[in-house]
Every structure is written in C-alpha cells, then in structure tokens.
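Chemist: Here is a sequence with its predicted model. Questions after.
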Amino acid sequence: MRHTWRWFGPKDRVSIDDMLQAGVQGVVTALHHVPTGTVWSPAEIARRQADLAAMTDGAPSGLKWEVVESLPVSEAIKTQTGDWRTHVANWITSMRHLKDAGIEVICYNFMPVLDWTRTDLAWRRPTGARCMRFDFTDFAAFDIHILQRKGAAEDFPDEIREEAARRFAQMDEARREQLAGNVVFGLPGAAEHFTLEDVRALLESYAPVTDAVLRRHFHDFLEQVVPVAQEIGVRLCCHPDDPPFGLLGLPRVMSTEADYAERMAAVDLPANGITLCSGSLGARPDNDLPGMMERLGDRVHFLHLRNVRRDTDAIRGSFFEDEHLGGQTDMVTLIAAVLREEARRREAGRADAVIPMRPDHGQDILDDIGRGGQPGYPAIGRLKGLAELRGVELALSHGARP
C-alpha cells in the first residue's frame, strides 16, 4: 500500500513537517476554497503542489499531491437542475488539468446535501481520548425538533422518536446550537458553509429526486466523465455514503456492495472505480469489508482504513470512531485481502499495483487535544493509526515480494 495523508492546505493545523515525521509517502488534498461547479485552474493546482513541496524551514519536503479528495460533484449535477451541464463540463476540464499536473487518482462522492454527518465531533472516551460519534437519537432530535423537517418524525422508530423528544427538552440553547453546528459541519477553508436555512432549501430541491432518480442521474454523470478518464489515464473512485443509510429523507446510492456493483456495471471501464472506506461502510453490520475487497478489488483505486464500533446491529444506528485496530471491522483480514489484490495486479503487470491508502480519521490523543485541528484529522491520532496499519502490512507481507 502507498501510505498517504489527507491535508487541508496551508490552514491545516497539521503541517508538512508533521506529515514527514509521521512517515507519509504522499499527500491527499483538494482545492476546498474553489467554489463547487467551477474549474480548477492549472495555476491553482500548481499553487497547491508548491505548498506541499517545502517544509517550514524551506527545505524540500519530497512530498507530492498524489490523490485528489475531493473534486466535488455539485448538487445541481445530482438533481440535474440549473447549470448542471456546465458543472459536468467544468468537472471534466478540472480532471484534465489534474492529469496534466501528474495527478491520476480522483476521489469524489455522490451524497446529497451533506458529505458526511456526525452529531458529536469530540466525544470523550474512557481513556480521555476524543473521537467523532454519530448518535442516532441525537440526530433524530436535530431532524425533528431543530431542523423541523416536514415528515421527519415518521422516519424514526417510536422508541427513538420518544427518546429524541426527551433529550431535546433537556437541551439548553447552547447544546441545541452545538448539535446543529456539528451536523452541518464543513471542511476547513471550504467555499461553502451551510446554515439551517441552506439545508432546508437544499432538501426542498431534492423533493422530486427519488432513489431511482438519483441513481439515474449518477449514471448520467458517469457516462459523461468515465470515458474521458479512461482515455486520459485517470482513475476515478467514488466514496461511500457516510453514514451508509438514509438520513433527512434523502436517497442513498453508495451504501452497500450491491450499490457499488451497480455503479461499476453502469459504465464498465477500469477508470470507474471505488474508494473502499472501511469506516463508512463498516457503520452497517451487513457490509463485509474483507469480502468486498476480494470481490471488487480490481476496481479499488483508493483505500480509507479506519474502524467504527456500532451500538446496535440495526442497519440505522449509533456508532463512534474507534481505534484503527479496534472496532468491528477485522482490519488484519482486510489488509490481507488488499495485499492479495496488489499481488494479483503485479502478476498482471498493472501499473497501479500499489494502492494508495490513508489512515482515515483518528482519535484526538495527547497534544491533539486542544490543538484545534479538523475534527477527525488529528496529527498524533492518525500517526498512531498509520503506525498500526503499517505494522499489520509489514507483518503480513514479511518475506513476500515487495
């Protein structure tokens, strides 16, 4: 595996120096400040590459931008409204510019409205570490009582709805504001930041978009972008829904192995690939991560390795971000499946035999606490995760061909 690290640009509290000391081989980043739907210019791409090239003291870092995460797909494309055709054309142009700059792996997602959802960004563990958590009952309190989405109450089981009402009644105004802010939290430096009114307006725009409609729109998008990616030598890899079940009355089309198989078959070209995120997919008890790697591995272009622990075996339920070798995904078995896929690729002579991986998320530990970094992306917590994952990889591949 190629050991990479997500970096949010010059405003990231985790520096280039920190990445190098963690043993990172390559960088995953994006132009979060560029408005969604517009072109990523060669100049902006080159500027980000230059940002990565030097350490704090000016010494060369040796690090390169190797994976894009993410080149955003606009809500207009997903709903096929407004300037959606122009947005697709701009997406393709950006992809060409990235390839011209030497970047060949592009991660993206097709999640409606919110790219990911958590109710707590710093949930305290018994050790004192902090992690992100999705609490299904707290989310119900947000959806029903704070957002006040029409029909929200009918989307939750009776016991969740009743407990959500009790919790909401016990919250003071500060806690209600905190919960709402957590749910609509964005990325640092992002061009868009949502308010509750923004979310309500976006939900209204999705009123006619059923599950079947969103799947059709996704396939329309793939039919336009994948052949170009195949032609120019770019590997596209769609990230799963996070969490991988329905929220806010919106459709979800990338939550299961069947979803991935359907999307890959829609445009059956090698460039149409997968970001296998063990954390997002692992939040559903019916997703078999090692099995998915075995069955879909030839299309896995990017790996997010993290672990979650679910409170329940229900499809929709609460979970928290556990340690990388904790949680309910058998990480050793998953990495073994990854190494087998890499061996198959080497045997077939594939240029992409080594799959880029990043230690996704991490718990805030030690000096991470109080650093004020991006939730889920601490320096030391991810370093610990990377070290653990690297150790598993080394142990499993000991004596094998590099």
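Modeler: Yes, it's here.
Chemist: CA atoms only for stretch 299-314, dumped as PDB, please.
Modeler: Taking Å, rounded to 0.1, in the frame of the first residue of the first chain, the C-alpha atoms of stretch 299-314 are listed here in PDB:
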ATOM      1  CA  ARG A 299     -11.700  -1.600  -9.100                       C
ATOM      2  CA  VAL A 300     -10.400  -0.300  -5.800                       C
ATOM      3  CA  HIS A 301      -8.300   2.700  -6.600                       C
ATOM      4  CA  PHE A 302      -8.100   4.200  -3.100                       C
ATOM      5  CA  LEU A 303      -8.300   3.000   0.500                       C
ATOM      6  CA  HIS A 304      -9.600   4.700   3.600                       C
ATOM      7  CA  LEU A 305      -8.700   2.500   6.600                       C
ATOM      8  CA  ARG A 306     -10.500   3.300   9.800                       C
ATOM      9  CA  ASN A 307     -12.700   1.500  12.200                       C
ATOM     10  CA  VAL A 308     -16.000   2.200  13.900                       C
ATOM     11  CA  ARG A 309     -17.900   0.500  16.700                       C
ATOM     12  CA  ARG A 310     -21.700   0.200  16.400                       C
ATOM     13  CA  ASP A 311     -24.000   0.400  19.400                       C
ATOM     14  CA  THR A 312     -26.500  -1.900  17.700                       C
ATOM     15  CA  ASP A 313     -26.900  -4.400  14.900                       C
ATOM     16  CA  ALA A 314     -29.700  -2.400  13.300                       C
END
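Chemist: what separates that stretch from the chain centre, distance-wise?
Modeler: Mean-position distance between stretch 299-314 and its chain equals 11 Å (Cα atoms, centre = their mean, to the nearest Å).
Chemist: what do you get for stretch 101-119?
Modeler: What separates the centre of stretch 101-119 from the centre of its chain is 6 Å, taken as Cα atoms, centre = their mean.
Chemist: Same question for stretch 70-85.
Modeler: Centroid separation for stretch 70-85 versus its chain: 18 Å, with Cα atoms, centre = their mean.
Chemist: helix/strand/coil for residue 27?
Modeler: strand (DSSP: H, G, I helix; E, B strand; the rest coil).
Chemist: contacting residues for residue 62?
Modeler: residue 20 (Cβ atoms under 8 Å, 6 or more residues apart in numbering). Using the backbone N, CA and C atoms, a C-beta is placed for each residue, glycine as well.
Chemist: Any stretches of the stretch 101-250 of the chain with poor pLDDT?
Modeler: The model of the stretch 101-250 of the chain has pLDDT under 70 over residues 186-193.
Chemist: Walking through it, point out its helices one by one.
Modeler: Remark: helices assigned in the stretch 101-250 of the chain by DSSP state H, counting those that start in this stretch are 136-141, 158-170, 173-183, 196-205, 211-232.
Chemist: Among those, which comes closest to residue 319?
Modeler: In terms of Cβ to Cβ, the element of the helices of the stretch 101-250 of the chain nearest to residue 319 is helix 136-141, at 8.7 Å.
Chemist: Now do the phi/psi pair for the residue nearest the centre of the chain.
Modeler: Closest to where the C-alpha atoms of the chain average out (Cα atoms, centre = their mean) is residue 239, at 5.7 Å. Per-residue torsions, residue 239: phi -80, psi 140 (degrees, to the nearest 10).
Chemist: Please convert the helices of the stretch 101-250 of the chain to a markdown table, extending it with mean neighbour count.
Modeler: Formatted as a markdown table, the helices of the stretch 101-250 of the chain follow (neighbours: other Cβ atoms under 10 Å):
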| stretch | mean neighbour count |
| --- | --- |
| helix 136-141 | 24 |
| helix 158-170 | 14 |
| helix 173-183 | 15 |
| helix 196-205 | 14 |
| helix 211-232 | 17 |
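Chemist: List the contacts of residue 385.
Modeler: For residue 385, the contact set (Cβ under 8 Å, 6+ apart) comprises 305-306, 323-324, 359, 361-362.
Chemist: What residues of the helix or strand containing it count as buried?
Modeler: Using DSSP states H and E, the element containing residue 385 is helix 379-397. Within helix 379-397, the residues scored as buried using 16 or more other Cβ atoms under 10 Å are 379-386, 388-390, 392-393, 397.
Chemist: re the thing from before, need the helices of the stretch 101-250 of the chain in a markdown table with distance to residue 18, can you?
Modeler: As requested, the helices of the stretch 101-250 of the chain are arranged in a markdown table below (distance: least, Cβ to Cβ, whole Å):
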| stretch | distance to residue 18 |
| --- | --- |
| helix 136-141 | 32 |
| helix 158-170 | 38 |
| helix 173-183 | 25 |
| helix 196-205 | 33 |
| helix 211-232 | 32 |
